[in-house]
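K.L.:
this is the structure alone, sequence omitted:
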Ligand code: GDP
Ligand code: MG
């Protein structure tokens, strides 16, 4: 199995930390996916039974000028090409306007979206449920996976979930 996974989320939610944790070997990409996707590859995870190609989509934020509009379009094209989308949030911060902008974009996309609640090491478990309910009311997520990218909690489970959708 192999496939593309886009990671999106506000700055500082932990996208790079997650990537650093899971990315092993970098390999040459043998894919018929369009060039636009290949240009943004930020890491490849190769396991015995699967290969996941992670793509950072930094352009998906509220544009401040014309170039910003262009970046949002590039990011949206990427989201339409991938096999799965990880929408990462910070368990400590909760719902914010930056999230709403991303959720509005995700409404229009048919790919499965996974809500990744990161930094669970920083919150009490009781705080997670109301947070998750709030996001769930805004988008129909394929699955919701709480993790700590920093400490590694539940990261293997997340990779298994993503793998099952490739
Ligand atoms: P990005 O902007 O989404 O790429 O976020 P980064 O990966 O750069 O992380 C931003 C900050 O959050 C850094 O100081 C990380 O060490 C911290 N961070 C990321 N993931 C976690 C986590 O699971 N738990 C905790 N406590 N801190 C985290
Ligand atoms: Mg980053």
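P.N.:
That came in fine, so what should we check first? Keep in mind that this is a model prediction, so the values were computed, not measured. Numbers count the residues shown, from 1 in each chain. Ligands and ions are numbered 1, 2, ... in the order given.

K.L.:
just checking, next helix/strand downstream of the worst-scoring helix or strand of the chain on mean pLDDT?
P.N.:
Evaluated with mean pLDDT, DSSP states H and E, the helix-and-strand set of the chain has its lowest mean pLDDT in helix 35-38, which scores a mean of 46. Tracing the chain C-terminally past helix 35-38 and defining elements by DSSP states H and E, one meets strand 41-46 next.

K.L.:
so what are the sheet partners of that following strand and their directions?
P.N.:
Partner strands and pairing direction for strand 41-46 (DSSP bridges) are strand 51-56 (antiparallel).

K.L.:
buried stuff in the partner strand?
P.N.:
Within strand 51-56, the residues that qualify as buried are 51, 52, 53, 54, 55, 56, counting by 16 or more other Cβ atoms under 10 Å. Using the backbone N, CA and C atoms, a C-beta is placed for each residue, glycine as well.

K.L.:
so for the last one, what's the nearest residue that isn't a sequence neighbour?
P.N.:
Spatial nearest neighbour of residue 56, excluding adjacent residues (Cβ to Cβ, 6 or more residues apart in numbering): residue 42 at 4.4 Å.

K.L.:
OK, contacts around that neighbour?
P.N.:
Contacts for residue 42 were tallied using Cβ atoms under 8 Å, 6 or more residues apart in numbering; they are 7, 19, 54, 55, 56.

K.L.:
do you know the pLDDT at the third one?
P.N.:
We note a pLDDT of 88 for residue 54 in this prediction.

K.L.:
that one is in contact with residue 7, isn't it?
P.N.:
Yes - using Cβ atoms under 8 Å, residue 54 is in contact with residue 7, at 6.0 Å.

K.L.:
pull up the overlap in contacts between these two.
P.N.:
Counting by Cβ under 8 Å, 6+ apart, the residues touching both residue 54 and residue 7 are 19, 42.

K.L.:
hmm, back to that, so how far is ligand 1 from the residue nearest to residue 56?
P.N.:
Distance check for residue 42 against ligand 1: by Cβ to the nearest ligand atom, to the nearest Å, it reads 10 Å.

K.L.:
next up, the contacts around the closest residue to residue 12 other than its chain neighbours.
P.N.:
In space, and not counting its chain neighbours, residue 12 is closest to residue 90: 7.0 Å by Cβ to Cβ, 6+ apart. Taking Cβ under 8 Å, 6+ apart as the contact definition, residue 90 lies against 10, 12, 13, 14, 118, 119.
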